[in-house]
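J.: the following comprises the amino acid sequence and a computationally predicted model.
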Amino acid sequence: MRSSLSSVRQLSSAFQGVKESARYVPRRALLYVPASSEKMLAKVPSIHADSVVIELEDGVAIAAKDTARKNAAAALDKLAGQPRKAFEIGVRVNSVSSGMMEDDLRVLARAQNLPDAFMIPKVDSPEDLAYIFDTFKKEYTPSRVTDTKTRMVMWIESARALLDMPRIVSTALNLHKSTGFFKLDAVVFGSDDYCADIGATRTSEGLENLYARQRFVACCKAFQVQAIDSVYIDLKDEEGLRKYSEQGRNWGFTGKQTIHPSQVPIVQSSFLPSTERIEWARELAEAYGEHQKEGKGAFSFRGQMIDRPLLLQAMNIIQLDEAVKEAGKQ
Ligand SMILES: CC(=O)SCCNC(=O)CCNC(=O)[C@H](O)C(C)(C)COP(=O)(O)OP(=O)(O)OC[C@H]1O[C@@H](n2cnc3c(N)ncnc32)[C@H](O)[C@@H]1OP(=O)(O)O
Ligand SMILES: O=CC(=O)O
Ligand SMILES: [Mg+2]
């Protein structure tokens, strides 16, 4: 049994063209931590969510934005090099349309350290991305925002953005390739803003977002970026949260947003593949390698026809399992 990330890399390099990221960041649960609350920020090192979102946007009142910016900048330097449970600590800034992004970046740029990810809500068009790039260069200077390890996570939250998603995602990926600006790694479905935008009424079953969530996943996966599902706002409804999480996982989402620490373990376990599924993926990958050597692209495995797309699905599972195990975060 293989047991380290490097074994996945060896395994994947044996299969030409199988996608492989240099640093795979599991994002089963993203937890928002409003930066206006020093008390909540102090909990960040001990938060077990795969991805922590230091929040400057809608979780922070307008009157508290300045305090939140200063707290977030201080947290970036304080957290650097400190032990922590999360794979990623990001900062969600305010959107282009809010007119507050420049102020956010001006204060954040005073920190010595960049976050692991810049998180950008309400990206509505490819033109927004051009503005975002220019604003980062202006506030941070170009050398601090190109060719760094920092990733980009962006939010799609309107009907217009959902329809234009292929162009928005491909523009973001091309921006990275052509300029070295932060690489887009994951896209988040901003379901609450989306409902407001289309005039839908939010229900716990979420039928009003059926089309949007399915189109969203297809657009993410077409460009091989992670797809992060809706917020579940009923804080006390654990069973509903589990059902919604499992539905998202079965539909192809890679993770889900959370708003309270109590939601994190439910979401993370829902997005972790079962022991049987991991075993299936590993055995399939081994069998695929053997059949490739014999010149067979398709073969039968446990009663199913297996070819390359099934191998890619298995690799997603192995990669997530390895990353989570390596960090000791089941
Ligand atoms: C649609 C969207 O855009 S979603 C993103 C924007 N929304 C947000 O950012 C909201 C994030 N969540 C929160 O602010 C809070 O969880 C709230 C306001 C919903 C509830 O907060 P509380 O009433 O304090 O919850 P509760 O009393 O259950 O908290 C229990 C403990 O968990 C802490 N806690 C609660 N939520 C969080 C959080 N998101 N991050 C870190 N710690 C938290 C509390 O500080 C409290 O700590 P304590 O035991 O040391 O006092
Ligand atoms: O930003 C998140 C949302 O649901 O809106
Ligand atoms: Mg939103």
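T.: It's in. On a predicted model such as this, the values are computed, not experimentally measured, just so you know. Numbering: from 1, shown residues only. Ligands and ions are numbered 1, 2, ... in the order given.

J.: could you verify my assumption that residue 126 touches residue 171?
T.: Yes: contact criterion CB atoms under 8 Å: residue 126 and residue 171 qualify, at 4.0 Å. For glycine as for every other residue, the C-beta is placed from the backbone atoms N, C-alpha and C.

J.: any common contacting residues for these two?
T.: The contact sets of residue 126 and residue 171 do not overlap (CB atoms under 8 Å, 6 or more residues apart in numbering).

J.: how about the residues of this structure by ligand 2?
T.: By CB under 6 Å from any ligand atom, the residues of the chain that approach ligand 2 are 121, 155, 157, 190, 191, 192, 193, 231.

J.: could you redo the last one with a cut-off of 8 Å?
T.: With CB under 8 Å from any ligand atom as the criterion, the chain comes near ligand 2 at residues 57-58, 121-122, 155, 157, 188-194, 196, 230-231, 257.

J.: buried stuff in stretch 161-170?
T.: For stretch 161-170, burial by neighbour count (16 or more other CB atoms under 10 Å) applies to 161, 162, 164, 165, 168, 169.

J.: among those residues, which lie within helices?
T.: Residues of the buried residues of stretch 161-170 located in helices (DSSP state H): 161, 162, 165, 168, 169.

J.: redo these as TSV? Include pLDDT and distance to residue 142.
T.: Supplementary listing: these in TSV, determined by pLDDT from 0 to 100; distance: CB to CB, whole Å:
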residue	pLDDT	distance to residue 142
161	98	27
162	98	31
165	98	28
168	98	23
169	98	23
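
J.: among the residues you listed, which two are most distant?
T.: With CB to CB as the measure, no two of these lie farther apart than 162 and 169, at 11.4 Å.

J.: list the contacts of whichever helix or strand residue 153 is part of.
T.: Applying DSSP states H and E as the criterion places residue 153 in strand 151-156. Under the contact criterion CB under 8 Å, 6+ apart, strand 151-156 has outside partners 25, 27, 51, 88, 90, 116-123, 162, 165, 168, 172, 176, 181-190, 193-194, 216, 228.

J.: report the buried members of these.
T.: Among those, the ones that count as buried by 16+ other CB under 10 Å are 25, 27, 51, 88, 90, 116-123, 162, 165, 168, 172, 176, 181-190, 193-194, 216, 228.

J.: just to revisit the earlier point, can you pick out the most distant pair from the buried residues of stretch 161-170?
T.: 162 and 169 (11.4 Å).

J.: ok, for residue 110, nearest residue in space, not its chain neighbours?
T.: Using CB to CB, 6 or more residues apart in numbering and skipping the chain neighbours, the partner closest in space to residue 110 is residue 73 (5.3 Å).
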